[in-house]
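> Structural data only, the sequence is not supplied:
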């Protein structure tokens with residue numbers, strides 16, 4: 001998620017799930033090759049397994065960036081052909097690329113030629129634009145698109161089970177208004193049993209995730225994880241390790257120590273604390289926690305102790321601090 005899942009966000013989420021594959025925000029080929037923004041490839045060793053998601057439409061540029069990603073230690077490179085934002089459309093990549101399955105296939109082949117790590121695709125079930133008579137939103141089109149990318153050597157697809165409406169809907173509306181069609185995703189899995197299919201879209205509860213995993217190879221969680229990172233720990237325990245537990249106090253302490261390291265190197269405290277704001281939604285003290293971490297005057301001081309001070313507000317009226325870890329374990 002652009003401007004969300006940066007390296008600081010990924011470090012935090014890794015504390016909630018040791019096993020899940022993490023994704024970078026979408027990084028454009030232009031930013032890496034012409035924008036002098038190779039810092040977007042920076043990541044902490046603890047983030048692994050971690051995939052980089054690229055945005056672009058030029059096979060040669062994508063291939064060069066894929067090679068850069070492999071050199072920097074990423075374990076997977078993913079091309080995004082599912083983002084519906086106007087800014088991405090102006091660059092002629094993201095979801096609008098689904099109109100050109102042959103070009104997407106050429107991009108995959110070029111990337112595979114330049115790197116040995118898996119090259120994967122993130123897409124929608126189709127796209128809709130004004131006056132296209134739903135040409136690119138049918139099941140037949142989706143089947144053809146998947147056939148193109150599978151023949152090009154893509155062995156894993158992350159499928160957001162909604163069409164993308166290009167023009168007329170904002171990215172937020174595109175996550176809510178087009179209906180979920182998981183039956184289309186299941187149809188693709190039936191037609192391509194050897195293709196690893198990871199489904200995405202509207203997954204917010206453990207039971208829902210379990211039902212999808214009865215036929216899909218995996219699930220992809222976006223904003224639900226950002227707004228409720230303990231969901232990641234629930235999935236970790238259910239999918240990977242039934243004995244998994246973690247302590248909220250330890251997570252916050254680790255993140256504060258991590259933040260201090262970056263503050264010493266010139267980062268601003270706000271760029272680190274913004275990812276903590278949703279960690280305790282719905283809990284006693286959560287509002288005060290967010291208020292402290294959003295105090296602009298104090299954030300300018302770049303004092304990481306603000307994180308510990310904010311955390312002390314969570315459940316402070318009802319539970320002694322030593323009970324945090326116990327309560328979190330019981331919640332899992």
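Done, it's in. Just so we're clear, the structure is a prediction, and the values are computed from it rather than from any experiment. Residues are numbered from 1 along each chain as shown.

> drop to CA atoms for contacts and neighbour counts, all remaining ones
OK.

> can you tell me the helix or strand for residue 121?
strand 119-128 (DSSP states H and E).

> Give me the sheet partners of that strand and which way each runs.
Next to strand 119-128 in the sheet, as set by DSSP bridges, lie strand 76-81 (parallel), strand 156-165 (parallel).

> Could you identify the helix or strand that succeeds the first one?
Secondary structure here is assigned by DSSP H and E; on that basis, the next helix or strand after strand 76-81 toward the C-terminus is helix 86-90.

> now that next one, how far from the chain's geometric center?
Centroid separation for helix 86-90 versus its chain: 19 Å, with Cα atoms, centre = their mean, to the nearest Å.

> which helices and strands sit right next to it?
For helix 86-90, there is no helix or strand it packs on, judged by 3 or more Cα pairs under 8 Å, 6 or more residues apart in numbering; DSSP states H and E.

> in that helix, what's buried?
Neighbour-count burial for helix 86-90 flags 86, 88-89 (criterion: 16 or more other Cα atoms under 10 Å).

> Just read off the phi/psi values of residue 133.
phi 60, psi 30 (degrees, to the nearest 10).

> what pLDDT does it get?
Looking at residue 133, its pLDDT stands at 84.

> What is the three-state secondary structure of residue 202?
Under DSSP: H, G, I helix; E, B strand; the rest coil, residue 202 falls in the coil class.

> Contacts only, for it.
When contacts are counted by Cα atoms under 8 Å, 6 or more residues apart in numbering, residue 202 is found next to 175, 180.

> how close does the closest residue to residue 23 other than its chain neighbours get to residue 31?
Nearest residue to residue 23, sequence neighbours excluded (Cα to Cα, 6 or more residues apart in numbering): residue 51, at 4.9 Å. Distance, residue 51 to residue 31, using Cα to Cα, to the nearest Å: 17 Å.

> between these two, who's got more neighbours?
Remark: of residue 51 and residue 31, residue 51 carries more neighbours, 24 against 14, as counted by other Cα atoms under 10 Å.

> For the more buried one, give me its contacts.
Contact analysis of residue 51 by Cα under 8 Å, 6+ apart lists 21-24, 74-78.

> Next secondary structure element downstream of the strand or helix carrying it?
Using DSSP H and E, residue 51 sits within strand 50-55. Later in the chain than strand 50-55, the nearest helix or strand by DSSP H and E is helix 59-71.

> distance between that next one and the chain's centre?
Distance, centroid of helix 59-71 to centroid of chain: 20 Å (Cα atoms, centre = their mean).

> low-scoring stretches of this protein, by residue?
Scanning the chain for pLDDT under 70 picks out 1-3, 90-91, 316-332.
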